[in-house]
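S.K.: Structure for the following, please:
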Amino acid sequence: MEGLLAGVEPDRFAEVLAGAEAAARAQFPDEDVLTVLRRVLSGG
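M.R.: Numbers count the residues shown, from 1 in each chain. All right, here's what the predicted structure looks like:
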């Protein structure tokens, strides 16, 4: 997921972020999704 939002057109940001959330939900338990997205988006 890293680099997923880099260079995304502003009008597609919500769409791409929703896709990242869906990918995270497919790989991690629901209670960890927000933590995973925060970690990825912060570069950590």
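S.K.: Near Glu9, how many other residues are there?
M.R.: Per other Cβ atoms under 10 Å, the neighbour tally for Glu9 reads 8. C-beta here means a position set from N, CA and C on the backbone, and glycine is covered the same way.
S.K.: right, I mislabeled it, should have said Ala22
M.R.: Using other Cβ under 10 Å, Ala22 has 10 neighbouring residues.
S.K.: List the backbone torsions phi and psi for it.
M.R.: phi -60, psi -40 (degrees, to the nearest 10).
S.K.: so who does it touch?
M.R.: Going by Cβ atoms under 8 Å, 6 or more residues apart in numbering, Ala22 touches no other residue.
S.K.: per-residue confidence at it?
M.R.: Looking at Ala22, its pLDDT stands at 95.
S.K.: now the one 10 residues further on
M.R.: The predicted structure scores Asp32 at 97 on the pLDDT scale.
S.K.: so which strand or helix has it?
M.R.: Using DSSP states H and E, Asp32 falls within helix 30-41.
S.K.: Buried ones in that helix, by neighbour count?
M.R.: Neighbour counts over helix 30-41 (16 or more other Cβ atoms under 10 Å) mark 33, 36-37, 40 as buried.
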